[in-house]
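Asker: give me the fold of what follows.
(chains A and B)
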Amino acid sequence: MEKEKTGRILPLFLFLLLLCLFLVLAENFGAIKPIQGAVEKVTVPVKISIYRIWQGGLGDAGQGQKREELERQVRESSVLAVKLKLLEEENQALRRQLEAPLPPTMKFLPAKTIGLTRYLTIDKGEEDGVREGTMVVSENILLGKIISVTPKTAQILLPTDPDSKIPSRTLKTGAKGLAIGEFGTKLSLAKVLQAEVLEVGDLVVTSGEGGYVRDLLIGKIAKIEKIPVEPFQKGEIAPLLDYQRLVNVFVITN
Amino acid sequence: MQNIIVFLPILILAILESTIIPLHLVLLAIICWSVLRPGREGMLVAFFSGLILDFLEGKTLASSSILFLITSFLIYLYKNRFQAGRFAFLLPFTLFSLIVVDLLDGLPALSIRTVLIEGVNTVLIIFLFPIFNFLAKSFGEEQLKLKI
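Answerer: Numbers count the residues shown, from 1 in each chain, chains lettered A, B, ... in the order given. Got it, this is the predicted structure:
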């Protein structure tokens, strides 16, 4: 390939870089929101379809293939069954949410998951009244905090994310600590004083500090790491939710 | 037609990256494209791919574009002196880029686990590179007609 002259490329590079900075600024002033909203009208349904197919694939693993003939015969009824199942799931989730031991003053906005990479993405955004910093739950289990919002979607910082630090306490023994995410897959209760008691199986809930709603479930102590010479002990928390399989979640709006 | 050939695979990778695969697939595509095509084209593709990814991921618009542009420009500088299409350059450069991106994302990028994950991510370029090589060759010496 023929060598290109840097003098020809550098102005383009600088121009594009400046354009990027201009776009970043424009977004900070809210000028991009209408375009983002219009684009998301197309992208959100596509993302929902792909995510549901992937979630379905996870559930079917190891069940084997269905016969083509049978599939053709049941196709019509399957469409109805899927609709019915989705409505039933939504209904059950709403019922569970109503029965969850949470303050009656709390208001919930039902949302559906549309993607899980580092953050969990939901199909509700600024246009639905979702704001940064609000909590997301499933029943009374904390799913995380909203860290970014677009007109039609929002991203949730899961408790397992390395950036997540939730002031917490154990339900039975009252030991206080910080629920810290590790590598996006693990969660631990750290900074627990040696004098405090940690028990395997004890539930971990939010302590109400750091802007988190009090007494939301985070997980269950699965393992304890106690080294007597260190000032703090640590407990491994087993999350109570499988984030990959979640479909219906609730944003606490007030 | 050329634009579709370039952006369709990138769009697919961006949708996968923003929905189900937590790996930096688009960055890999940008590295491949920047190595295989002239500097101007690599940079334009990097800019627009960043915008696509930011729209899909709900990130600050153009934040990914900045990263991709710098990556593309570094490849361009290297390409002017040495052969960039060799895995002896591609693999370490990709790993380095991925770790830098993780660092900027606030992840513990220097932990063994992250390096291992990004190592696996880096290996993906071995499979992606021939695909983009095929696409790049189908262009021949023609330049992308992206207007800016």
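Asker: what are the ranges of the helices in chain A?
Answerer: Using DSSP state H, the helices of chain A run over A:6-28, A:33-60, A:68-99.
Asker: what residues are up against the residue nearest the centre of chain A?
Answerer: Nearest to the geometric centre of chain A sits A:L120, at 3.4 Å (CA atoms, centre = their mean). Counting by CB atoms under 8 Å, 6 or more residues apart in numbering or on different chains, A:L120 makes contact with A:113, A:143-144, A:155-156, A:158, A:243, A:246. Where you see a C-beta, it was placed from the backbone N, CA and C, and this is true even at glycine.
Asker: again, only using 10 Å
Answerer: By CB atoms under 10 Å, 6 or more residues apart in numbering or on different chains, the contact set of A:L120 is A:113-114, A:136, A:143-144, A:146, A:154-158, A:161, A:243-244, A:246, A:249.
Asker: again, but for A:L21
Answerer: A:L21 sits next to B:62, B:65-66 when contact means CB under 10 Å, 6+ apart.
Asker: picking up where we left off before, is the residue nearest to the centre of chain A bridged to anything, and to what?
Answerer: A:L116, A:I156 (DSSP bridges).
Asker: do you know the pLDDT at it?
Answerer: Note for A:L120: predicted pLDDT of 92.
Asker: now the one 5 residues further on
Answerer: The predicted local distance difference test score for A:G125 is 91.
Asker: just give me the neighbour total for it.
Answerer: By the criterion of other CB atoms under 10 Å in any protein chain shown, A:G125 has 26 neighbours.
Asker: phi and psi next, for it.
Answerer: Dihedral pair for A:G125: phi -140, psi -150, per degrees, to the nearest 10.
Asker: what's the helix or strand for the one residue sitting closest to the centre of chain B?
Answerer: When CA atoms, centre = their mean is applied to chain B, the residue found nearest the centroid is B:I30 (2.3 Å). Per DSSP states H and E: B:I30 is located in helix B:25-36.
Asker: where in chain B is pLDDT low?
Answerer: B:1, B:109, B:140-148 (pLDDT under 70).
Asker: on that earlier part again, could the helices of chain A go into a markdown table alongside mean pLDDT and distance to B:I75?
Answerer: Compiled in a markdown table, those are given as follows (pLDDT from 0 to 100; distance: least, CB to CB, whole Å):
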| stretch | mean pLDDT | distance to B:I75 |
| --- | --- | --- |
| helix A:6-28 | 90 | 11 |
| helix A:33-60 | 82 | 28 |
| helix A:68-99 | 69 | 46 |
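Asker: can you add distance to B:L74 and give those back as CSV?
Answerer: Below are the helices of chain A laid out as CSV (distance: least, CB to CB, whole Å):
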stretch, distance to B:L74
helix A:6-28, 10
helix A:33-60, 29
helix A:68-99, 47
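Asker: name the element B:F73 belongs to?
Answerer: Using DSSP H and E, B:F73 falls within helix B:63-79.
Asker: could you point out the helix or strand that follows that helix?
Answerer: Counting by DSSP H and E, the next helix or strand C-terminal to helix B:63-79 is helix B:87-104.
Asker: pull out the CA atoms of that following helix and give them to me as PDB.
Answerer: In PDB, the C-alpha atoms belonging to helix B:87-104 read as follows (Å, rounded to 0.1, in the frame of the first residue of the first chain):
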ATOM      1  CA  PHE B  87      -0.200 -10.300  14.200                       C
ATOM      2  CA  ALA B  88       3.100  -9.500  15.900                       C
ATOM      3  CA  PHE B  89       1.900  -5.900  15.900                       C
ATOM      4  CA  LEU B  90      -1.900  -6.400  15.900                       C
ATOM      5  CA  LEU B  91      -2.100  -8.600  19.000                       C
ATOM      6  CA  PRO B  92      -0.100  -6.500  21.400                       C
ATOM      7  CA  PHE B  93      -1.600  -3.300  20.100                       C
ATOM      8  CA  THR B  94      -5.100  -4.600  20.400                       C
ATOM      9  CA  LEU B  95      -4.500  -5.800  24.000                       C
ATOM     10  CA  PHE B  96      -3.000  -2.400  24.900                       C
ATOM     11  CA  SER B  97      -5.900  -0.600  23.400                       C
ATOM     12  CA  LEU B  98      -8.500  -2.700  25.200                       C
ATOM     13  CA  ILE B  99      -6.700  -2.200  28.500                       C
ATOM     14  CA  VAL B 100      -6.600   1.500  28.000                       C
ATOM     15  CA  VAL B 101     -10.300   1.500  27.100                       C
ATOM     16  CA  ASP B 102     -11.000  -0.400  30.300                       C
ATOM     17  CA  LEU B 103      -8.900   2.000  32.300                       C
ATOM     18  CA  LEU B 104     -10.900   4.900  30.900                       C
END
